[in-house]
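> A predicted structure for the sequence below; I have some questions about it.
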Amino acid sequence: MNNDILKILYSTEQINQACQRLGKQIQKVYADKVPVVIGVLKGATFFMSDIVRQADTYMEIDFIDVSSYHGTTQSSGTVDLITDISTDVSGRDVLIVEDIVDTGRTLKFLMDNLTKRGARSIKVCTLLDKPAGRQVRADSDFVGFKVPNEFVVGYGLDYDEKYRNLPYIGVLKPEIYTNN
Ligand SMILES: O=P(O)(O)OC[C@H]1O[C@H](OP(=O)(O)OP(=O)(O)O)[C@H](O)[C@@H]1O
Ligand code: HPA
Ligand SMILES: [Mg+2]
């Protein structure tokens, strides 16, 4: 699997440092609240579990599974809700935890969906922000890294469901896409 990687963009150590920094920011912002922290499956799995443990503050956690890439490097343009949260977010402070904001469609879908359900406030924490990919407006409150306009994998992020278990974030060799 490691042989498929062209270059590493963010090492395990850089990711750990970003998680510490973001966790402390979240701790400060939510010091006097009990937010519902929602991890977006599957990509944000590892990031979610790492940052919540860096924030020494009360919170509830939940997960939502949405999907739009379906094994490719291009957004299908439609966000499918696969599995919903079980928490009632009406009147609650919500923090969405994403691995990446690219076209912005997934985040817009989630913001609209949670707003309709009556969340009191919604903030967004994303490990990666890819501004050059943006198709719809979608802003984040906490950002780990701004990434270049490349398709990235690892630390939760997949290509065709693989590479999520890489401990770093990198770019695949072009032949991996073209051979598939
Ligand atoms: O800003 P966007 O262009 O919408 O892209 C960002 C979303 O796309 C990916 O999810 P994907 O649909 O691949 O599901 P996954 O997390 O299960 O891989 C990624 O994990 C984000 O949730
Ligand atoms: O660059 C990316 N990598 C993996 N999944 C993604 N989903 C949106 N953008 C990306
Ligand atoms: Mg994906």
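Now that the structure is in, tell me what you want to look at. Since the structure is predicted, the reported quantities are computational estimates derived from the model, not experimental observations. Ligands and ions are numbered 1, 2, ... in the order given.
> name the residues that touch the worst-scoring helix or strand of the chain on mean pLDDT?
Here the helix or strand of the chain ranked lowest by mean pLDDT, DSSP states H and E is helix 174-178, holding a mean of 86. In this structure, residues lying in contact with helix 174-178 by CB atoms under 8 Å, 6 or more residues apart in numbering are 4, 6, 73, 151, 159. For every residue, glycine as well, the C-beta is placed using N, CA and C.
> what about the strands in the chain?
For the chain, applying DSSP state E gives strands covering 5-10, 36-41, 60-67, 80-83, 93-101, 121-129, 142-146, 152-153, 169-172.
> thinking again about what came up before, in the least confident helix or strand of the chain, what's buried?
Ile176 (16 or more other CB atoms under 10 Å).
> is ligand 2 contacted by that helix?
No. Residues of helix 174-178 are not located near ligand 2 by CB under 6 Å from any ligand atom, the shortest gap being 11.5 Å.
> number the residues from 269 up from this point.
All right, first residue 269 from here; so that's helix 442-446.
> grab the CA positions of that helix and hand them over as CSV.
Output in CSV follows, covering the C-alpha atoms of helix 442-446 (Å, rounded to 0.1, in the frame of the first residue of the first chain):
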residue,chain,number,x,y,z
PRO,A,442,-1.1,8.7,-11.1
GLU,A,443,-1.0,5.2,-12.4
ILE,A,444,-3.2,4.0,-9.5
TYR,A,445,-6.1,6.0,-10.9
THR,A,446,-5.5,5.3,-14.5
